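Chemist: what follows is a predicted protein model with its sequence.
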Amino acid sequence: MLGSGLAAAAGSARSFQQADAARPFDKQRAFQHLEKQVGFGPRVPNQPGHRACRDYLVETLRPLASRVELQEFTFPLGGDSLSMANVIARIASRRDRGGVLLCAHWDTRPTADYERDRERRRMPIPGANDGASGVAVLLEVARVLKRTPPPVPVMIVFFDGEDYGPGLDRMFLGSRYFAANLPRDVPRQGILLDMVGDKDLRIPQEANSRAAAGAVLREVYAIASRLGYGAQFPARPGQAIEDDHIPLHERGLQVIDLIDFNYGPGHSWWHTLQDTPDKCSPESLKAVGDVVLEWVRTRR
């Protein structure tokens, strides 16, 4: 019985490994990362959920990356200050040259400023799509790259303070700090993920990305089409979005923004209390993750 049980277990393990090799991006694992982040509560600087999520990101990345560090900074706010940190992970490759940058923001907005009820606008958003989705994809991407090392080094950066607000002067705080203090080994090309978990995923070609990183954009959308994700990545012009890629463009980095800026009927779930995991799907995370992984694998 013991021998047959071991044989069965070994067979099951082989079957799992074969299935995992055929579908390396685990959409359910990625969705669990999304739910875990939302479970911490608002990831607003100086709040308990913010610190808990930061620790989760570091703990998850540490066994997957060759190096994980916090780029800590503060932002003055009246008579107080916000304590924030960009989380930077480096994944080693088969050769030590070239490289790509993958990034997303991990904070959430402290005010649901698009709620119809004025009283509810004072509440922080759950941030399932707007924040947690991009992070979830990249955490799973990191796991896959640990199992199958990429051809070039990969730097993953989770930006803090993207969504603090309410105005643009209090947004993109982490990417601005990162751009002002670029690591010496920062790659020159990359992908930013934001709002990529929508069940009805449609990511058009963001206008600022076309202008500043057209070559990367064309590569990514060609890959999406080849992988059968043309519906999720329609090759049509999208609007210009103010996001974390703008400070990077200003430093000469060719980073595209993959963002579905049409969330819910009439974009009605954005910056509201409706931004919850039930509005997102594992399938959307997988579509984005598969495209990102294939783009990384084609780097030379």
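Modeler: Thanks, I have the structure now.
Chemist: so which residue is dead centre in this structure?
Modeler: Taking Cα atoms, centre = their mean, the centroid of the chain lies closest to Gly134, which sits 2.5 Å from it.
Chemist: my read: Arg67 touches Arg90, true?
Modeler: Yes: taking Cβ atoms under 8 Å as the definition, Arg67 is a contact partner of Arg90 at 4.6 Å. (C-beta placed from N, C-alpha, C; glycine too.)
Chemist: which of these two has more residues huddled nearby?
Modeler: Under the neighbour definition other Cβ atoms under 10 Å, Arg67 and Arg90 were set side by side, and Arg90 has more, 19 against 12.
Chemist: the more buried one: which element?
Modeler: Taking DSSP states H and E as the definition, Arg90 sits inside strand 80-91.
Chemist: what is the next helix or strand after that strand packed up against?
Modeler: Remark: after strand 80-91, the chain's next helix or strand is strand 100-105, criterion DSSP H and E. Using 3 or more Cβ pairs under 8 Å, 6 or more residues apart in numbering; DSSP states H and E, the elements in contact with strand 100-105 are helix 133-147, strand 154-159, helix 173-180, strand 189-194, helix 282-297.
Chemist: output stretch 70-82 as CSV, restricted to C-alpha atoms.
Modeler: What follows is stretch 70-82, C-alpha atoms only, in CSV (Å, rounded to 0.1, in the frame of the first residue of the first chain):
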residue,chain,number,x,y,z
LEU,A,70,12.6,49.3,0.3
GLN,A,71,13.1,52.7,-1.1
GLU,A,72,11.7,54.6,1.8
PHE,A,73,10.7,58.3,1.7
THR,A,74,8.3,60.8,3.3
PHE,A,75,5.9,63.4,1.9
PRO,A,76,5.0,66.5,3.9
LEU,A,77,1.3,66.9,4.5
GLY,A,78,0.3,69.9,6.5
GLY,A,79,2.0,69.6,9.9
ASP,A,80,2.5,65.9,9.5
SER,A,81,4.1,63.6,6.9
LEU,A,82,3.3,60.4,5.0
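Chemist: mind listing what's buried along it?
Modeler: Gln71, Phe73, Phe75, Leu82 (16 or more other Cβ atoms under 10 Å).
Chemist: got a list of what the last one touches?
Modeler: The reference is to Leu82. The contact partners of Leu82, taken as Cβ atoms under 8 Å, 6 or more residues apart in numbering, are Pro45, Asn46, Thr74, Phe75, Gly161, Tyr164, Leu173.
Chemist: 10 Å instead, please
Modeler: By Cβ atoms under 10 Å, 6 or more residues apart in numbering, Leu82 lies in contact with 44-46, 50, 73-76, 107, 110, 160-161, 164, 170, 173.
Chemist: thinking again about what came up before, quick one: strands adjacent to the strand holding Arg90?
Modeler: Its sheet considered, strand 80-91 pairs with strand 67-77 (antiparallel), strand 154-159 (antiparallel) by DSSP bridges.
Chemist: what would those strands look like in CSV with mean pLDDT and distance to Thr60?
Modeler: CSV is the format used below for the strands paired with strand 80-91 (pLDDT from 0 to 100; distance: least, Cβ to Cβ, whole Å):
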stretch, mean pLDDT, distance to Thr60
strand 67-77, 97, 9
strand 154-159, 98, 11
